[in-house]
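Chemist: Would you be able to build a 3D model of this:
(one chain, ligands or ions: 2)
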Amino acid sequence: LMGGAAALSLGSTAIISQKLMAAGISPHSKSALIVVDVQNCFIEGGTLPVKNGSDVVPVINKLSKTFDNVVITQDWHTEGHASFASSYEGKNAFETTELDYGTQVLWPEHCVQGTEDAQLVDELDVPHAELIVRKGYHQEIDSYSAFFEADRKTPTGLQGYLKERGITTVYIAGLATDFCVAWTAIDAADAGFKTAVVEDACRAIDLNGSLAAAWKAMDKAGVDRLQSEDFTS
Ligand code: VGL
Ligand code: ZN
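Modeler: Ligands and ions are numbered 1, 2, ... in the order given. Now for the predicted structure:
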């Protein structure tokens with residue numbers, strides 16, 4: 001209908017690139033950008049810093065301007081949370097333990113509710129974000145995904161929110177590519193959203209090959225991989 005070479009004007013400045021159109025996905029009123037866990041915790045100086053984590057901030061600030069709908073997620077743990085190594089005798093961070101719902105990676109204490117560490121990064125400039133979803137607040141259950149907690153059963157409510165808003169396509173950016181971004185993307189695709197991860201708007205933890213495994217799992221789930229320049233050229 002549009003013709004492959006056509007570029008569709010969107011409101012003020014956004015233009016959909018041919019690459020995005022070829023992929024059949026484009027920012028529009030039925031799409032949302034999900035900005036995952038861009039919190040002090042996950043950047044330099046935080047309790048669980050992702051290498052070069054703060055590099056995503058200017059990329060996301062720019063990318064977000066092409067979206068009418070933006071959702072932000074915030075990792076938001078209780079003190080003594082089940083995902084903290086310090087909650088177990090003799091366990092170190094980055095080891096694993098077996099919980100009711102399966103294997104859990106144990107992390108340093110991070111993103112504790114109400115702390116400076118859990119705040120969104122100051123330089124994140126997305127004032128038009130419409131919803132902030134907090135996750136990981138159940139003491140005994142972690143939640144990488146913004147849709148379902150790590151028991152794979154407890155919903156956060158995000159799926160219902162997006163569906164009620166008429167959103168059919170989601171783009172995902174933030175931290176960390178191989179944990180919260182990947183789990184969010186896979187759940188989004190499984191829930192029937194057309195889903196893409198904006199690779200250069202993310203940074204990874206990459207623990208024991210987790211980044212390669214995450215891309216493989218996202219690919220299998222039908223998640224597209226895009227670059228932020230795809231949104232502006
Ligand atoms: C995350 C580990 C623990 C993330 C959150 O945001 O990717 N990773 N909690
Ligand atoms: Zn966490």
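Chemist: For ligand 1, see how far away residue 228 is.
Modeler: As judged by C-beta to the nearest ligand atom, to the nearest Å, residue 228 and ligand 1 stand 19 Å apart. Heads up, the C-betas are built off the backbone N, CA and C, glycines and all.
Chemist: do residue 68 as well
Modeler: For residue 68 relative to ligand 1 (C-beta to the nearest ligand atom), the value is 25 Å.
Chemist: May I ask you to confirm that that residue is in contact with residue 33?
Modeler: No - using C-beta atoms under 8 Å, residue 68 is not in contact with residue 33; the gap is 9.3 Å.
Chemist: Between these two, point out the one with more neighbours.
Modeler: residue 33 (26 against 16; other C-beta atoms under 10 Å).
Chemist: Need the pLDDT of residue 17.
Modeler: Listed pLDDT for residue 17 reads 67.
Chemist: which non-adjacent residue is nearest residue 162?
Modeler: Excluding the flanking residues, the one nearest residue 162 by C-beta to C-beta, 6 or more residues apart in numbering is residue 32, at 6.3 Å.
Chemist: Which SSE is immediately downstream of whichever strand or helix holds that neighbour?
Modeler: Taking DSSP states H and E as the definition, residue 32 sits inside strand 31-36. Using DSSP H and E, the helix or strand that follows strand 31-36 in sequence is helix 56-64.
Chemist: ok, back up a step: partner strands of the strand holding residue 32, with direction?
Modeler: Note on strand 31-36: by DSSP bridges, its sheet partners are strand 70-75 (parallel), strand 169-175 (parallel).
Chemist: and those strands, which is most packed in?
Modeler: strand 169-175 (a mean of 28; mean count of other C-beta atoms under 10 Å).
Chemist: which residues are contacting that one?
Modeler: Residues from elsewhere that reach strand 169-175 (C-beta atoms under 8 Å, 6 or more residues apart in numbering): 25-28, 30-39, 42-43, 50, 53, 56, 59-60, 63, 67, 73, 162, 180-181, 184-185, 188, 193-198, 201-203, 226.
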